[in-house]
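Enquirer: Have a look at this fold, sequence not included:
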């Protein structure tokens, strides 16, 4: 290829980048400094340009060292300006106007682009959109995504998606003007390649606006679009964009609202038919002095200005106006816009709907019937979360299917988007206090719908329910743990997993009933034993399932690892008691557990035959005997801990018999701690075919026990 052809090719590349020309020069400077610092696409292009010698190239950066007054050395990086050939002013003129400096290189190309934009006959449509529904639904999205560590959705994600949806209905906005051989044409693009304006920092500290695009956006759902959006932004931040990321942009979305601009009319570049700009999200100037309480009472929404600047040769004002009107309707939730977003991202919430605020809230401080009715509805919603919240909690670490329940939707009780910032009475430790409805919902969701679900409202004793509420809701069921406790739990988990891995590697093919996947049980057991000892208990008796028994014997009881490993070789001590001669996962043992506070509690694992739950009444009887022997009227010196599998707890009748006897005077022991390790498979049966109830724990409701469903992860 000739030098002129290469030069022309480079100019065409620059033209195709439009307002992104400065990025090409930045990458070219990187290539000059170090060819390997840019990707192969850029290397191939720049290698031809450099070899042709037909383009004035930036010079390699020069590093100079200077001394500061205090003797320290500073490093300055200087490079020749990134220039294309420029025409200098006459010396006499330059001498007169010494404050003038030539605009060249990147800045010069921007001048060319802006002057080229003057040739476009543009007009601009403006619309003011209330963002209350957008704001609330984005908050719901991010609340759920944050709880699953699945990133975050920005306003621009949603607005850009609304633009894509609107372009499907008004495809003419995606068209542009073209002139071929002197004839005018409408370039009706078959793809929506939406450009996203990204503000980036250059190496010299200056700012640069890049506009890479998301290609074929019309073929995506919202989840795909968010992934593509985040990918292109990440590439821009890392300066990893290549030419294909800028080519064939059909429409651009720019967001000067991030720097506080309320509204803007950006320049439209040749090759595109329209550019969309959004302003800052906030209250209009007339309401900015009002208190949040007054704004909430009046039902005033934050707003956002959005403009569509279009090429009047191919797009008419009515089309632009209808286009913005449709975006307005989508962002207000019409045509199931947010429902589809939630579905695409697998979010288990009902989206917030736009509605007019028909409730008259008195500003004089008086209490009227409507306020009283709203308070009753809020209390119904609070009660629903306490009763039904577990139904949408994320309890299964193997499946993250979105779940919803109509009784957990404020709309079900006639509460609207305008009520979220209004204050209502809510119970707390001290009694009742006033909180905005959104804060009440945040507390309830975090407490009952996160990785812990609780069934306790079936308890008939109101004091017991009140005690549980006051323990759970203030901490959101996530009480803070001191560093020492976290370190201890980390050690417990490391020991538990290391033990299972060693057995799996050393004794391949041996039956060992591994605890793998449920190692968090060991952390639960460690904390329970610490709490028992710190609250005055002397002894704990564990009725242990097969699965995890060896881990408990080794890491909780402290049974010799040498003895455990020798039993894998078939060497059982004939002098041992509590299961002598039996297989290793039936054996019992006892030891001493030491707490973080230095206290001790005796821990005993009762021997257990193959008939798994037969151990339950045995352990209960052992504990009752221990209590009677020391005349423990409070029944707190010895505590039973029963460990079950999910299928065994639901399927073996001895469970129901033991629970049914537990409250009788002759059998009462003051309560039992049950831990059910839900493996989701009962030997050969899936949960759907193993029981008729939603949970394997439902049989425990006969004694009104509080039930905590905890995600194993």
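Expert: Happy to help now that I have it. This one's a predicted model, so the numbers in the text were calculated from it and none came from an experiment.
Enquirer: tally of neighbours for residue 617?
Expert: Counted with other CB atoms under 10 Å, residues neighbouring residue 617 total 16. To be clear about C-beta, it is placed using only N, CA and C from the backbone, and glycine gets the same treatment.
Enquirer: what's the pLDDT at it?
Expert: Confidence at residue 617, expressed as pLDDT, is 95.
Enquirer: swap in the one 5 residues further on?
Expert: Each residue has a pLDDT score; the one for residue 622 is 95.
Enquirer: so how far is stretch 549-558 off the chain centroid?
Expert: Computed by CA atoms, centre = their mean, to the nearest Å, the chain-centroid distance of stretch 549-558 equals 37 Å.
Enquirer: I meant stretch 272-291, not that one.
Expert: The answer for stretch 272-291 is 27 Å, by CA atoms, centre = their mean.
Enquirer: Over to stretch 149-165?
Expert: So, by CA atoms, centre = their mean, the centroid of stretch 149-165 is 14 Å from its chain's centroid.
Enquirer: List the residues that contact the residue nearest to residue 338 when sequence neighbours are not counted.
Expert: Leaving aside its chain neighbours, residue 338 sits nearest to residue 351 (3.5 Å; criterion: CB to CB, 6 or more residues apart in numbering). Listed by CB atoms under 8 Å, 6 or more residues apart in numbering, the contact set of residue 351 reads 137, 140, 333, 338, 339, 341, 342.
Enquirer: Contacts for the lengthiest helix in the chain next, please.
Expert: Assignment by DSSP state H gives helix 483-506 as the longest helix of the chain. Outside helix 483-506, the residues that touch it by CB under 8 Å, 6+ apart are 481, 510, 512, 514-516, 519-520, 522-523, 526-527, 550-551, 554-555, 565, 568, 596.
Enquirer: In helices, which of those appear?
Expert: 520, 522, 523, 526, 527, 550, 551, 565, 568.
Enquirer: quick one: pLDDT of the closest residue to the second one other than its chain neighbours?
Expert: Distance criterion CB to CB, 6+ apart; nearest residue to residue 522, sequence neighbours excluded, is residue 496 at 4.2 Å. On the pLDDT scale, residue 496 is placed at 93.
Enquirer: Likewise for residue 452?
Expert: pLDDT at residue 452 comes out at 94.
Enquirer: Next, give phi and psi for it.
Expert: phi -130, psi 130 (degrees, to the nearest 10).
Enquirer: which parts of the helix or strand harbouring residue 382 are buried?
Expert: Using DSSP states H and E, residue 382 sits in helix 369-388. Counting neighbours by 16 or more other CB atoms under 10 Å, one finds that the buried residues in helix 369-388 are 374, 377, 378, 381, 382, 384, 385, 386, 387, 388.
Enquirer: contacting residues for the fifth one?
Expert: Looking back up the chat, that one is residue 382. 426, 427, 440, 444.
Enquirer: Check the gap between the third one and residue 293 for me.
Expert: Computed with CB to CB, to the nearest Å, the distance linking residue 440 and residue 293 is 16 Å.
Enquirer: just residue 484 next, same as before
Expert: On the measure of CB to CB, residue 484 and residue 293 end up 43 Å apart.
Enquirer: and the two? which has more neighbours close in?
Expert: Legend: neighbour count by other CB under 10 Å for residue 484 and residue 293, higher for residue 293 (14 against 10).
Enquirer: Chain neighbours aside, what residue packs nearest to that one?
Expert: residue 423 (7.7 Å).
Enquirer: count of residues packed around that neighbour?
Expert: Applying other CB under 10 Å, we find 16 other residues in the vicinity of residue 423.
Enquirer: Quickly list what it is bridged to.
Expert: Residue 423 forms beta bridges with residue 436, as assigned by DSSP bridges.
Enquirer: I'd say it and residue 432 touch.
Expert: No - under the criterion of CB atoms under 8 Å, residue 423 is not in contact with residue 432, lying 11.5 Å apart.
Enquirer: Look up how far residue 5 lies from the residue nearest to residue 147 when sequence neighbours are not counted.
Expert: Once flanking residues are discounted, residue 147 sits nearest to residue 450: 6.0 Å by CB to CB, 6+ apart. With distances taken as CB to CB, residue 450 is found 63 Å from residue 5.
Enquirer: circling back to that earlier point, can you pull the contacts of the residue nearest to residue 293?
Expert: Taking CB under 8 Å, 6+ apart, we find residue 423 in contact with 293, 434, 435, 436, 437.
Enquirer: all helices of the stretch 151-300 of the chain, in order?
Expert: 155-169, 222-237, 292-298 (DSSP state H, counting those that start in this stretch).
Enquirer: Can you point out the buried residues in the second one?
Expert: Under the neighbour-count criterion of 16+ other CB under 10 Å, helix 222-237 has 222, 225, 226, 228, 229, 232, 233, 235, 236 buried.
Enquirer: can you tell me the average pLDDT over that helix?
Expert: In this model, helix 222-237 has a mean pLDDT of 93.
Enquirer: Repeat that for the shortest one.
Expert: For helix 292-298, mean pLDDT is 83.
Enquirer: Centre of the chain to the following helix or strand past that helix, how far?
Expert: Of the helices and strands lying after helix 292-298 in sequence (DSSP H and E), the nearest is strand 303-311. Between the centre of strand 303-311 and the centre of its chain there are 31 Å (CA atoms, centre = their mean).
Enquirer: Would you mind getting the angle between strand 303-311 and helix 155-169?
Expert: Put simply, strand 303-311 runs at 50 degrees to helix 155-169, going by axes from the mean of the first three to the mean of the last three CA atoms, to 10 degrees.
Enquirer: re earlier: check which helix or strand the residue nearest to residue 147 maps to.
Expert: Applying DSSP H and E, one finds residue 450 in no helix or strand.
Enquirer: again with residue 125
Expert: strand 122-130.
Enquirer: Describe which strands that strand pairs with in its sheet and in which direction.
Expert: Each strand paired with strand 122-130, and its direction, by DSSP bridges: strand 303-311 (antiparallel).
Enquirer: what element comes up after the partner strand heading to the C-terminus?
Expert: Counting by DSSP H and E, what follows strand 303-311 is helix 317-331.
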